[in-house]
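>>> here is the input, now give the coordinates:
(one chain, ligands or ions: 1)
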Amino acid sequence: MATRIAAVFGATGQQGSSVVHALLKDGTFMPRAVTRDVNSKSARALAKLGAEVVSADLGGDKEAVKKAVTGAEVVFLVTIPFKAALPEDVQGINVIDARKDPEVPRGIWCRLRVPRYRLFFENILTPFPGLPFEKSDDGYVWNTYAQPGSDTAVHTWASRDLGPAVVALFTQYTTRSSEIVGQTFVLASARTSFEGFTAELSKGLGKPVYHKHGGIAGVLPVDEMIYSVAEFPWYAGVAIPDPRLEKLGVKTGTIEEFGRTVLKSHLGE
Ligand SMILES: NC(=O)c1ccc[n+]([C@@H]2O[C@H](COP(=O)([O-])OP(=O)(O)OC[C@H]3O[C@@H](n4cnc5c(N)ncnc54)[C@H](OP(=O)(O)O)[C@@H]3O)[C@@H](O)[C@H]2O)c1
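Numbering: from 1, shown residues only. Coordinates of the predicted model:
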C-alpha cells in the first residue's frame, strides 16, 4: 500500500473525485479524500474504493483542515466559491497556513489550486440555472450566459482530464522538478468561441447544436467571469492544450469525443 499521502479537497465533487480515482488507479499515492461528511453516499463510495476519507470543512474548520493536510506530501486544493462561510482566498490561506504550523511535518509539499477561469464540458450535463441544453427542431440548443459570437473561452473536460493531469504532476514533481515546481499549468482541451465549441460537439453528436444567449447569471463572480471573456483572453500566451502538460504525458480529450461518448449517452441518442 502506498505510504505517500495526497490530500484531496472537494473529493466528492467532479474535480476532486476525478483526482481521487486517478490516484487510486496510479497507486503511487494514497488519496486522503477530504469531505464535510464522511458518511455521505459519495464519501462512502470513495472509502470502498480504497481511499482514506477524512472530515473537514474548507469553508470554516481551520483545525480540521490542518489535520487533513498533516502528513500529506502533496495537496490538491479546490476552493468553494459561493456556498462556503469563508471567502475563497481565506480557504486557500488556511490550507497554506497549515504548512507553517510546527505540528505539521514539513517535508516536500506540493500544492495545486484550480483557477476559476475555465468552463467545464460538464456544464452541459448539469446546466447552470435557467440554461438548459435542449432539443431544437433538428438538433439541440446550448443556452449559455455568453453573448453570441463572444470571444474565445477556455474549455476543460474536468472529470476526464483533471485526475490524470494531477497524477502526472504529483508523480513527476521530484524527477522533473524544473518543469513542474512553481509552474502554473492550464488544463484545457480547447480555446474556442461558443460557436466553435458547438460545431465540434455537432460532429461528435451527429446532430446540429446551436449556441444561444440565455441571459445573465445575476451572480457577480459568474457574470464577471463570463464578461471578462469579451475583454481579455484567458491565459493569454499559453497554447491550449498546454504543451508543457503534453510533454509530461497529459493528453486531453476533445470536444468531439465528449459529444460522441458522454453527451450522446447522456441524451440517449
Ligand atoms: N463549472 C465550471 O465551469 C467551473 C470551472 C472552473 C472552476 N469551477 C469551480 O470549481 C469549484 C469546485 O468544482 P467542482 O466542480 O469539483 O464542484 P462540486 O462538484 O460542486 O464539488 C465541490 C465539493 O466541495 C465540497 N465542499 C466543501 N465545502 C463545501 C461547502 N461549504 N459548500 C459546498 N460544497 C463544499 C463538497 O463536498 P462534500 O459535500 O463532500 O464536503 C463538494 O463535493 C466550483 O465551486 C466551481 O465554481 C467551476
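>>> when you work out contacts or count neighbours from here on, use the C-alpha atoms and nothing else.
Noted.
>>> convert the top helix by length along the chain to CSV, retaining C-alpha atoms only.
Criterion DSSP state H: the longest helix present in the chain is helix 158-172. The C-alpha coordinates for helix 158-172 follow below in CSV (Å, rounded to 0.1, in the frame of the first residue of the first chain):
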residue,chain,number,x,y,z
ALA,A,158,-12.8,18.2,-15.9
SER,A,159,-14.0,14.7,-15.0
ARG,A,160,-11.9,13.0,-17.7
ASP,A,161,-8.7,15.1,-17.6
LEU,A,162,-8.2,16.5,-14.2
GLY,A,163,-7.3,13.3,-12.4
PRO,A,164,-4.6,12.1,-14.9
ALA,A,165,-3.1,15.6,-15.1
VAL,A,166,-2.8,15.9,-11.3
VAL,A,167,-1.3,12.4,-11.2
ALA,A,168,1.3,13.3,-13.9
LEU,A,169,2.3,16.4,-11.8
PHE,A,170,2.3,14.6,-8.4
THR,A,171,4.3,11.6,-9.6
GLN,A,172,6.9,13.6,-11.6
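>>> ok, that helix near the ligand or not?
No. Legend: contact between helix 158-172 and the ligand by Cα under 6 Å from any ligand atom is lacking; minimum distance shown is 7.8 Å.
>>> which residue does this protein have closest to the ligand?
G13 (3.1 Å; Cα to the nearest ligand atom).
>>> do you know how far that residue is from E88?
16 Å (Cα to Cα, to the nearest Å).
>>> so which bits of the chain are right by the ligand?
10, 12-16, 35-37, 57-59, 78, 80-81, 83-84, 116-120, 123.
>>> next step: these restricted to helices.
Reading helices off the residues of the chain next to the ligand with DSSP H, I get 14-16.
>>> helices and strands of this protein: which one bottoms out on pLDDT?
The helix or strand of the chain with the poorest confidence is strand 110-113; it has a mean of 66 (mean pLDDT, DSSP states H and E).
>>> now do the helices in the stretch 101-250 of the chain.
Ranges of helices in the stretch 101-250 of the chain, per DSSP state H, counting those that start in this stretch, are 158-172, 177-180, 194-205, 220-231, 243-247.
>>> by mean pLDDT, show me the worst of the ones you listed.
Among these, helix 220-231 carries the lowest mean pLDDT, a mean of 82.
>>> list the buried residues of it.
The neighbour-count check on helix 220-231 (16 or more other Cα atoms under 10 Å) flags 226-227, 229-230 as buried.
>>> and what of stretch 20-38?
Result for stretch 20-38 [16+ other Cα under 10 Å]: buried residues 20-24, 28-38.
>>> now that stretch, how far from the centre of its chain.
With Cα atoms, centre = their mean, to the nearest Å as the basis, stretch 20-38 stands 15 Å off its chain's centre.
>>> how long is it from one end to the other?
End-to-end distance (Cα to Cα), stretch 20-38: 15 Å.
>>> which residues touch that stretch?
The contact list for stretch 20-38 (Cα atoms under 8 Å, 6 or more residues apart in numbering) reads 1-12, 43-44, 46, 49-57, 68, 163-164, 167, 171.
>>> before we move on, the earlier item: export the helices of the stretch 101-250 of the chain as JSON lines, with columns for distance to P102.
Output for those, formatted as JSON lines (distance: least, Cα to Cα, whole Å):
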{"stretch": "helix 158-172", "distance to P102": "24"}
{"stretch": "helix 177-180", "distance to P102": "25"}
{"stretch": "helix 194-205", "distance to P102": "49"}
{"stretch": "helix 220-231", "distance to P102": "36"}
{"stretch": "helix 243-247", "distance to P102": "34"}
